[in-house]
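Sharing a model that was predicted from the sequence below.
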Amino acid sequence: MKFTKTKKEILFWILQFGGWMFINSFIFIVHLGFSELYILSSFFANSIIGIISTSLFRTYLNNNIDIEYFGKSSIRNLVISFFASSIFYYFLVYSSEEFYEIIIGRTEDENQFIKENINFLYGVFNAMITIFGWTIIYFTIKFILNENKNRLDNIALNTTLKEAQLNALKGQINPHFMFNSLNNIRGLMLEDVDKSREMITKLSDMLQYALSKNKVDLISLREEIEMVDNYIALAKIQMEDRLVYDKKIANDTLSISIPPMIIQLLVENAAKHGISNLKSGGTIVLETFFNNDELQVIVTNTGKLSISENSTKLGLKNIKQRLRLVYGPKASFSLEEVSEEVVATIKIPIT
């Protein structure tokens, strides 16, 4: 919950009135031979005195102490204002006792109690204990509210940062994909014009899809699979029978939401860095299933794990960063070579 300035003021005055009235209500329990009139007047007078004294103390603290940068000057100002507030509180309490003596008078028992406890040092000491307790409670609440504000500000800042990073990362996908596809078309133009024309049509359809999904953070797995199927159809025009594509998609995973184009990037890397480098071609297998509370997406391709030194690794970095930004540390991405196959695995928590 975020506390506005108005809410903080309301909270302060509720605690201020409630706290002082609660402390002074103990006089109703510990009578000490006082008359009912004296008890009642002391309750209201001391409550008002406490509210006035600490309200002025609080005003000084707000104007002279920055809780964010609590340095030596803040400590000095706090100590000085604490002693000043304690003496002021004692002076008002003493004055109220004198006023009570003049206007109403006291019983003999009341006079005896006052005489035994009215000396200056004893009175100031009691006032300091009271104001010290108020100071501890005030700064405790102040720190809690400030910590809550900082936490909410950090959440808002991180959310804004994540949105900016996600937009930037999603903006990297389309240029990356276009660069690879246009290179393929350029290589095919002189060999087969009809296939080149077909590739351009497929590319146009895919870019239309990619641009529409660039505005969202999550899409269903079903939509992503359709995107992958289109990409495979595009790739097979160039690689023909050298590329074999197999899907093992669990039906209950199709409705799960995932970041758009994240599987497409895995398949694209498998085709470009794996199958296209093999004379005899190879197989790409896409598999999705649930494992406990995780969605696992596995893309396996024939070949060895070897990334060119000149490669920017943009696609792989994109996958890792987008998973981290959307799911935090709960999601993971791994790429490894197993028995002459490259296995890319994405694990996404199901909430």
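Okay, I see it. Residues are numbered from 1 along each chain as shown.

what about the residue sitting nearest the centre point of the chain, distance to residue 248?
In the chain, the C-alpha nearest the mean C-alpha coordinate belongs to residue 155, at 3.1 Å (Cα atoms, centre = their mean). According to Cβ to Cβ, to the nearest Å, residue 155 and residue 248 sit 39 Å apart. (Glycine included, C-beta is placed from N, CA and C.)

How about residue 318?
Taken as Cβ to Cβ, the span from residue 318 to residue 248 is 25 Å.

the more surrounded of the two?
residue 318 (19 against 11; other Cβ atoms under 10 Å).

Touching, that one and residue 264? I think so.
No: using Cβ atoms under 8 Å, residue 318 is not in contact with residue 264; the gap is 11.0 Å.

where exactly do the helices run in the stretch 101-250 of the chain?
108-117, 120-188, 193-213, 221-239 (DSSP state H, counting those that start in this stretch).

least reliable of those helices going by mean pLDDT?
Note on these: lowest mean pLDDT is at helix 108-117, with a mean of 51.

Can you get me the centre-to-centre distance for stretch 336-347 and its chain?
Computed by Cα atoms, centre = their mean, to the nearest Å, the chain-centroid distance of stretch 336-347 equals 33 Å.

Stretch 186-199 now?
Distance, centroid of stretch 186-199 to centroid of chain: 50 Å (Cα atoms, centre = their mean).

ditto for stretch 71-82
Its chain's C-alpha centre and that of stretch 71-82 lie 33 Å apart, by Cα atoms, centre = their mean.

Show residues contacting it.
57, 60, 61, 64, 65, 66, 128, 131, 132, 135 (Cβ atoms under 8 Å, 6 or more residues apart in numbering).

So which bits of it are buried?
If you call a residue buried by 16 or more other Cβ atoms under 10 Å, then stretch 71-82 has these buried ones: 74, 78, 81, 82.

Restricted to strands, list these.
Secondary structure from DSSP state E places none of those in strands.

now, among those residues, which is nearest to residue 285?
residue 74 (64.4 Å; Cβ to Cβ).

how close does the closest one get to residue 61?
9 Å.

repeat for residue 273
According to Cβ to Cβ, residue 273 stands 64 Å off from residue 61.

pretty sure residue 348 contacts residue 290?
No: with contact defined as Cβ under 8 Å, residue 348 does not count as touching residue 290 (10.3 Å).

Find the residues that touch each one of these two.
With Cβ under 8 Å, 6+ apart, residue 348 and residue 290 have common neighbours residue 296.

who's more crowded, the two?
Neighbours per residue, other Cβ under 10 Å: of residue 348 and residue 290, the larger number sits with residue 348, 22 against 13.

Cool, thanks, talk later.
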